[in-house]
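# This is the structure alone, sequence omitted:
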(Lines give C-alpha, C1' and ligand atoms only; values in the text may rest on other atoms or scores of the structure.)
Protein backbone atom coordinates (compact mmCIF):
# COMPACT_ATOMS: atom_id res chain seq x y z
CA UNK A 1 0.00 0.00 0.00
CA UNK A 2 1.35 3.41 -0.85
CA UNK A 3 0.26 6.96 -0.22
CA UNK A 4 0.49 10.54 -1.41
CA UNK A 5 0.78 13.58 0.85
CA UNK A 6 -0.41 16.99 -0.25
CA UNK A 7 0.05 20.01 1.95
CA UNK A 8 -2.52 22.79 1.64
CA UNK A 9 -0.81 26.09 2.28
CA UNK A 10 -2.04 29.64 2.75
CA UNK A 11 -1.76 32.15 -0.06
CA UNK A 12 1.68 33.51 -0.71
CA UNK A 13 3.53 30.24 -0.12
CA UNK A 14 5.75 29.24 -3.02
CA UNK A 15 5.73 25.81 -4.65
CA UNK A 16 9.23 25.17 -3.27
CA UNK A 17 8.05 26.03 0.25
CA UNK A 18 5.02 23.73 -0.12
CA UNK A 19 7.24 20.86 -1.32
CA UNK A 20 9.63 21.44 1.59
CA UNK A 21 6.68 21.40 4.02
CA UNK A 22 5.51 18.08 2.52
CA UNK A 23 8.99 16.63 3.02
CA UNK A 24 9.08 17.80 6.66
CA UNK A 25 5.59 16.37 7.19
CA UNK A 26 6.59 12.97 5.74
CA UNK A 27 9.89 12.93 7.67
CA UNK A 28 8.06 13.58 10.95
CA UNK A 29 5.58 10.76 10.23
CA UNK A 30 8.50 8.40 9.50
CA UNK A 31 10.29 9.47 12.68
CA UNK A 32 7.19 8.83 14.78
CA UNK A 33 5.92 5.66 13.11
CA UNK A 34 9.30 3.99 12.57
CA UNK A 35 9.49 3.74 8.78
CA UNK A 36 7.99 5.01 5.55
CA UNK A 37 6.30 1.63 5.06
CA UNK A 38 4.25 2.14 8.24
CA UNK A 39 2.55 5.36 7.16
CA UNK A 40 -0.10 3.92 4.83
CA UNK A 41 -1.15 0.92 6.95
CA UNK A 42 -1.27 2.87 10.22
CA UNK A 43 -3.25 5.67 8.57
CA UNK A 44 -5.65 3.13 7.00
CA UNK A 45 -6.22 1.50 10.40
CA UNK A 46 -6.65 4.90 12.03
CA UNK A 47 -9.32 5.90 9.49
CA UNK A 48 -11.17 2.60 10.12
CA UNK A 49 -11.09 3.28 13.85
CA UNK A 50 -12.51 6.77 13.28
CA UNK A 51 -15.40 5.21 11.32
CA UNK A 52 -16.13 2.81 14.16
CA UNK A 53 -15.44 5.02 17.20
CA UNK A 54 -15.60 8.60 15.89
CA UNK A 55 -13.04 11.41 15.78
CA UNK A 56 -12.83 11.74 19.57
CA UNK A 57 -13.55 8.27 20.89
CA UNK A 58 -13.69 7.00 24.42
CA UNK A 59 -10.35 5.22 24.22
CA UNK A 60 -11.39 2.97 27.08
CA UNK A 61 -13.91 1.33 24.73
CA UNK A 62 -11.10 0.34 22.34
CA UNK A 63 -8.96 -2.73 22.56
CA UNK A 64 -5.36 -2.19 23.59
CA UNK A 65 -4.12 -2.62 20.01
CA UNK A 66 -6.79 -0.27 18.62
CA UNK A 67 -5.85 2.34 21.19
CA UNK A 68 -2.16 1.94 20.33
CA UNK A 69 -2.82 2.52 16.62
CA UNK A 70 -5.18 5.45 17.26
CA UNK A 71 -2.82 7.20 19.65
CA UNK A 72 0.26 6.46 17.53
CA UNK A 73 -1.32 8.10 14.50
CA UNK A 74 -2.51 11.12 16.48
CA UNK A 75 0.96 11.68 17.94
CA UNK A 76 2.61 11.25 14.53
CA UNK A 77 0.12 13.60 12.86
CA UNK A 78 0.63 16.27 15.52
CA UNK A 79 4.41 16.04 15.12
CA UNK A 80 4.05 16.21 11.33
CA UNK A 81 1.81 19.28 11.49
CA UNK A 82 4.31 21.03 13.75
CA UNK A 83 7.17 20.06 11.43
CA UNK A 84 5.30 21.33 8.37
CA UNK A 85 3.71 24.48 9.79
CA UNK A 86 5.52 25.28 13.04
CA UNK A 87 4.44 25.21 16.66
CA UNK A 88 2.35 28.38 16.51
CA UNK A 89 0.16 27.54 13.55
CA UNK A 90 -3.49 28.40 13.23
CA UNK A 91 -6.14 26.18 11.65
CA UNK A 92 -6.66 28.54 8.73
CA UNK A 93 -2.96 28.45 7.84
CA UNK A 94 -3.06 25.12 6.06
CA UNK A 95 -3.60 21.44 6.37
CA UNK A 96 -2.78 18.16 4.74
CA UNK A 97 -4.36 15.48 2.62
CA UNK A 98 -3.02 11.95 2.83
CA UNK A 99 -4.37 9.72 0.07
CA UNK A 100 -3.97 5.97 0.19
CA UNK A 101 -3.14 4.63 -3.25
CA UNK A 102 -4.09 1.20 -4.52
CA UNK A 103 -0.90 -0.29 -5.95
CA UNK A 104 -2.82 -2.31 -8.55
CA UNK A 105 -4.41 0.89 -9.87
CA UNK A 106 -0.99 2.53 -10.05
CA UNK A 107 0.34 -0.33 -12.16
CA UNK A 108 -2.63 -0.25 -14.50
CA UNK A 109 -3.97 -3.65 -13.42
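Cool, the structure landed. Worth saying up front: this structure is predicted, and the values here are computed from it rather than measured. Numbers count the residues shown, from 1 in each chain.

# can you pull the buried residues of the top helix by length along the chain?
Scanning the chain for the longest helix, with DSSP state H as the assignment, gives helix 64-85. Buried residues in helix 64-85, counted by 16 or more other CB atoms under 10 Å: 66-67, 69-70, 72-73, 76-77, 79-81, 83-85. All C-beta spots, glycine's among them, are computed from the backbone N, C-alpha and C.

# Name the nearest of the residues you listed relative to residue 12.
Set against residue 12, the nearest of those by CB to CB is residue 85 (13.9 Å).

# Isn't the closest one up against residue 21?
Yes: Residue 85 lies in contact with residue 21 (CB atoms under 8 Å); the separation is 7.0 Å.

# overlap in contacts of those two?
residue 94 (CB atoms under 8 Å, 6 or more residues apart in numbering).

# If you average the pLDDT over the longest helix of the chain, what comes out?
Taken as a whole, helix 64-85 has an average pLDDT of 95.

# and it, what other elements does it pack with?
Where contact means 3 or more CB pairs under 8 Å, 6 or more residues apart in numbering; DSSP states H and E, helix 64-85 is packed against helix 15-33, helix 39-53, strand 95-101.
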